[in-house]
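S.K.: With the sequence up front, the predicted model follows.
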There are 2 protein chains.
Amino acid sequence: MSNIRIGIVGYGNLGRGVELAIRQNPDTELAAVFTRRDPSSLKILTEGVGVYSVNDVADFKDKIDVLILCGGSATDLPVQTPQFAKLFNVIDSFDTHARIPEHFANVDAAAKEGGNVSVISVGWDPGMFSVQRLYGSCILPDGKDYTFWGKGVSQGHSDAIRRVEGVADGKQYTVPVQAAMDAVRNGEDPELTTRQKHTRECFVVAEEGADKAKIEETIKTMPNYFSDYDTTVNFISQEELNEKHSGIPHGGFVFRSGKTGVNGETRHIIEYSLKLGSNPEFTSSILVAYARAAVRLQKEGAAGCKTVFDIAPAYLSPKSGEELRASML
Amino acid sequence: MSNIRIGIVGYGNLGRGVELAIRQNPDTELAAVFTRRDPSSLKILTEGVGVYSVNDVADFKDKIDVLILCGGSATDLPVQTPQFAKLFNVIDSFDTHARIPEHFANVDAAAKEGGNVSVISVGWDPGMFSVQRLYGSCILPDGKDYTFWGKGVSQGHSDAIRRVEGVADGKQYTVPVQAAMDAVRNGEDPELTTRQKHTRECFVVAEEGADKAKIEETIKTMPNYFSDYDTTVNFISQEELNEKHSGIPHGGFVFRSGKTGVNGETRHIIEYSLKLGSNPEFTSSILVAYARAAVRLQKEGAAGCKTVFDIAPAYLSPKSGEELRASML
């Protein structure tokens, strides 16, 4: 069997993570990296692999088995995924939950036209967390779901802080509320408001002479991002921010709390949790596993758009069914 | 769409659990219960549903969409699953890990002969724990697996206690060692011996005049069951045993501890855990979800033996792909 040849589109944190993940999967290899920047300006880690303009992707039709799209969900993926799905098997990590049905329809039509397999919304949420929610709800139909995120860096909220007047730099952590999680773990099935589930912890570098009280007030009352949460704002120096807050950790918890028995007298709790040293490196490891699945599914004759719900776990593994049953069942 | 008609073979704890789980899944219905006992001696919960001899299962070929086999792995399932797989879609919870490859081959041949779908080794271990081990190993190929069981009742170990001379009754709990789990959670990747992972806690009712010291010694040194573990033996009265230890709780933990990055400098921990009020009720809820999957797969033209590895999560749900993507992804 020849290796699965993977192309990366977009070389930010996620693209670099995919490059690293490929090195951990001996049945895969990096075929090319595509960028919107000047290709000659970009230095990648893998020796002997070329960097090309994103405009030249189509030229690689016979040299790539699957493209992993590492752009953003706001503007990149809604265009790129359908565009490339016509020509290649593709994987993306589209994570705008509300727009998934529309994105799915667009990608499905394109992938079917090209006879390719696309897998969208791959990662941990959407992705592994979604899989856990689905298994949990099927196993315990009389039950409740809870998803908590963190402790981890929210890029969107960090960006929002940095747009506040007088802020030089900043980072935001989403923190799950311990008491709320404990109540779920104890089978109390609590009804939780947004405020009761998560707090927001901000580390802010103020510009010289900036009005810190006003910055804090602006952050804490910012609609959508902070006003519905208990938010803490800590002013620190740029040095401290660089030293202590330069990582991109994340994680979270998915619970299913359910009842069985003659009258629901028996309680069960399923808990799935992630503690991630690097959000993009973990996400890209998942992308590579689903890239393997997409190639195998297409070889079997499948075409169209799929999600993590539609793919049997065995497709993610380089091992045969026999090996899996003997070693892991 | 008409309901999925389920037949139960074997009406012990697991069979009763399946009957209860069917009531929680409105797209399923109980069609018949089959027993080795005298059918007239057996009273089931569901009104209007018949109890029949296990020898008459074949007569129900047109009245049942899927059979859930609730017998034991030692002697029942190795015979029953291949036998019924020729005639019906079947689900079993075969859990003798070492004999799974052989069982799979026998069931696969029978199911293909009959054009049916069989799913073997369904439950939580093998089952949901296996699925977590598979996802974890594919997502974090550079990593280690850890499975801990408990705190929960081990039927096999409880039976072993009750066979000891002078023992009137007894119950055994498998207990995971907290320090070992904490080391895994902290990313220490410990090498753990059998003794370091679990302890065994026994509650024993001694016969009148029995030699308690000898009972304790016999239990603690029993090969395979107890000699490799730190075992505690507590003598209690039959009343206390009935009052405090009549349930069948169980649970456990699956960890994947892995590294990513340029030189494995980034750590990630995936943790999946179950806290189950009733082991058989939870297991049977999983059986019913996979019964749904088996029927759908056969309708699509599939045949042969499958495991939880081979079935996409969406097949477990009564909801459509569209509904799942909109609500759970």
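M.R.: Sure thing, it's come through.
S.K.: Could I get the pLDDT score of the spatially most central residue of chain A?
M.R.: In chain A, the centroid-proximal residue (Cα atoms, centre = their mean) is residue A:123; its distance is 3.6 Å. Residue A:123 carries a pLDDT value of 97.
S.K.: ok, now which ones touch it?
M.R.: A:93, A:95, A:283, A:286, A:287 (Cβ atoms under 8 Å, 6 or more residues apart in numbering or on different chains). C-beta here means a position set from N, CA and C on the backbone, and glycine is covered the same way.
S.K.: Looking at the residues you listed, state which has the most neighbours.
M.R.: residue A:287 (28 neighbours; other Cβ atoms under 10 Å in any protein chain shown).
S.K.: Sitting in helices, which of the contacts of residue A:123 do you find?
M.R.: Per DSSP state H, helices hold the following members of the contacts of residue A:123: A:283, A:286, A:287.
S.K.: I'd assumed residue A:18 was in contact with the first one.
M.R.: So that's residue A:283. No - between residue A:283 and residue A:18 there is no contact under Cβ atoms under 8 Å: 9.0 Å.
S.K.: Next up, the contacts around residue A:156.
M.R.: If you count contacts by Cβ under 8 Å, 6+ apart, residue A:156 has them with residue A:225.
S.K.: May I ask which helix or strand encompasses it?
M.R.: helix A:155-162 (DSSP states H and E).
S.K.: Need the pLDDT of whatever residue of the stretch 101-250 of chain A ends up closest to chain B.
M.R.: With Cβ to the nearest Cβ as the measure, residue A:138 is the residue of the stretch 101-250 of chain A nearest to chain B, at 3.9 Å. Residue A:138 carries a pLDDT value of 98.
S.K.: for it, what are its contacts?
M.R.: So residue A:138 contacts B:289, B:292, B:313, B:316, B:317 (Cβ under 8 Å, 6+ apart).
S.K.: So which of those belong to helices?
M.R.: Counting by DSSP H, the contacts of residue A:138 contribute B:289, B:292 to helices.
S.K.: wait, doesn't residue A:235 sit right on residue A:206?
M.R.: Yes - the pair residue A:235 / residue A:206 is scored as a contact, 5.7 Å apart, by Cβ under 8 Å.
S.K.: which neighbours do those two share?
M.R.: residue A:212.
S.K.: thinking again about what came up before, pull the most distant pair out of the contacts of residue A:138.
M.R.: The largest separation in the contacts of residue A:138, counting by Cβ to Cβ, is between B:292 and B:313 at 11.9 Å.
S.K.: Those two: who's more crowded?
M.R.: residue B:313 (26 against 22).
S.K.: Residue A:114 and residue A:68: what is the separation?
M.R.: 17 Å (Cβ to Cβ, to the nearest Å).
S.K.: again with residue A:191
M.R.: Distance from residue A:191 to residue A:68, by Cβ to Cβ: 40 Å.
S.K.: Also residue A:100?
M.R.: Residue A:100 is 18 Å from residue A:68, where distance means Cβ to Cβ.
S.K.: and residue A:48, how many residues sit next to it?
M.R.: 5.
S.K.: What pLDDT does the model give it?
M.R.: With respect to pLDDT, residue A:48 scores 96.
S.K.: cool, and the one 4 residues further on?
M.R.: For residue A:52, the pLDDT comes out at 98.
S.K.: Next, see if stretch A:168-182 gets close to chain B.
M.R.: No - no part of stretch A:168-182 sits near chain B under the criterion Cβ under 8 Å from any Cβ of the partner chain; the closest distance found is 12.8 Å.
S.K.: starting at the chain centroid, how far to that stretch?
M.R.: 18 Å (Cα atoms, centre = their mean, to the nearest Å).
S.K.: Distance across it, terminal residue to terminal residue?
M.R.: 37 Å (Cα to Cα, to the nearest Å).
S.K.: can you pull out the helices in chain A?
M.R.: So, for chain A - with DSSP H - the helices run A:13-23, A:76-85, A:100-114, A:128-139, A:155-162, A:178-185, A:194-197, A:212-220, A:238-244, A:279-299, A:321-327.
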